[in-house]
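Colleague: coordinates for the following, if possible.
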Amino acid sequence: MARRKRKPRPRPLPPPPAQSSRIYIQIAPSDIAIFRFLMEAMDNLALFTVTDRFKGILLLRFSPHQKREFFEFMDGLKEEIDITYLPNPDKKIN
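Modeller: Predicted coordinates:
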């Protein structure tokens, strides 16, 4: 008699984060539209706000639970778009 396959048990979800992670990047202003298109294609892995459209500075917000996926996506984008990570002005440096 053959054994039936069991359904996998659902893994417990981690608690929701208290706040989103933030990072500032700078890209060419002409690349903002393609960046938006690629971000939407990844099921909105992160939300972004254009903080300076003339310099191409973007504020990205993403879930801390998806940090690995977010940085894998950003590393893949470096082949298409020149990305510079900027320091976060919210954090104080001592």
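Colleague: name the residues of stretch 53-64 that come out as buried.
Modeller: If you call a residue buried by 16 or more other Cβ atoms under 10 Å, then stretch 53-64 has these buried ones: 56-60, 62. No exception for glycine: its C-beta is placed from N, CA and C like everyone else's.
Colleague: what's the closest of the residues you listed to Arg9?
Modeller: Phe62 (28.0 Å; Cβ to Cβ).
Colleague: list the contacts of the residue nearest to the closest one when sequence neighbours are not counted.
Modeller: Nearest non-adjacent residue to Phe62, counting by Cβ to Cβ, 6 or more residues apart in numbering: Ala46, 3.9 Å away. By Cβ atoms under 8 Å, 6 or more residues apart in numbering, the contact list for Ala46 reads 39, 60-62, 70.
Colleague: and Val50, by the same measure?
Modeller: Taking Cβ under 8 Å, 6+ apart, we find Val50 in contact with 32, 57-58.
Colleague: taking the residues you listed one by one, which sit in strands?
Modeller: 57-58 (DSSP state E).
Colleague: in CSV: the contacts of Val50, plus distance to Asn88 and pLDDT.
Modeller: Shown next, in CSV, are the contacts of Val50 (distance: Cβ to Cβ, whole Å; pLDDT from 0 to 100):
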residue, distance to Asn88, pLDDT
Ile32, 20, 95
Ile57, 12, 96
Leu58, 13, 96
